[in-house]
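Colleague: Mind folding the following:
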Amino acid sequence: MTLEEVVGTNSTEQKMETVSQAVEELLVAAQRQDCLTVGVYESAKLMNVDPDSVVLCLLATDEEDEDDIALQIHFTLLQAFCCDNDINIVRVSGVRRLSQLLGEDTEDSNGNEPRDLHCILVTNPPVQPLQCQALQHVSSFCEQSRCSNQWVPYLELRDG
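Modeller: Purely as a prediction, here's the structure:
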């Protein structure tokens, strides 16, 4: 391996880590401002009604979800819709990390199932736009990925 390859690999890893941190910051900020839609079905409903308000679609899976055919079909449909409507998409692993970030418990106090974190939409309402440097950082990452023909970039969220 050449020096350039080592340096290039290291800077790519650092860039991915920075983008992962930006995604985490964005999710926390969006949740604080009530700009998150959580769940595959809830997300599909919102995108059908108001796709222009959606600025990011986050599709999350872990290894155990890879064999879930229904989930993969939903993801394919959501990705197609996002591409048709110029909505940034990012696939991530680390559903447990998303749960930590969003303060989700495995069950709520009533014993109900946890929310479905496989699809999360970040919306940007025109009345009070989401002012967040992390949103700009993630959007620019998505744009750079599309320029290199990676339409759905992948990030790994690590437990914190």
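Colleague: which residues sit in contact with the spatially most central residue of the chain?
Modeller: Residue closest to the mean C-alpha point of the chain, counted by C-alpha atoms, centre = their mean, is Leu58 at 2.3 Å. For Leu58, the contact set (C-beta atoms under 8 Å, 6 or more residues apart in numbering) comprises 23, 27, 89-92, 119-122. C-beta: built from backbone N, CA, C; applies to glycine.
Colleague: element containing it, please.
Modeller: strand 54-61 (DSSP states H and E).
Colleague: Centre of the chain to whichever helix or strand comes after that strand, how far?
Modeller: Later in the chain than strand 54-61, the nearest helix or strand by DSSP H and E is helix 69-84. Taking C-alpha atoms, centre = their mean, to the nearest Å, one finds the center of helix 69-84 at 14 Å from the center of the full chain.
Colleague: Show me what helix 69-84 is packed up against.
Modeller: helix 40-49, strand 54-61, strand 88-93, strand 119-123 (3 or more C-beta pairs under 8 Å, 6 or more residues apart in numbering; DSSP states H and E).
Colleague: looking at the chain, which helix or strand is least sure?
Modeller: In the chain, the helix or strand scored least confidently by mean pLDDT, DSSP states H and E is helix 3-32, which has a mean of 74.
Colleague: what are the pairing partners of whichever helix or strand comes after that helix, and which direction each?
Modeller: Per DSSP H and E, the first helix or strand lying C-terminal to helix 3-32 is strand 36-38. Paired with strand 36-38 in the same sheet, following DSSP bridges, are strand 119-123 (antiparallel).
Colleague: the inter-axis angle of the partner strand versus helix 69-84?
Modeller: In terms of direction (axes from the mean of the first three to the mean of the last three C-alpha atoms, to 10 degrees), strand 119-123 departs from helix 69-84 by 20 degrees.
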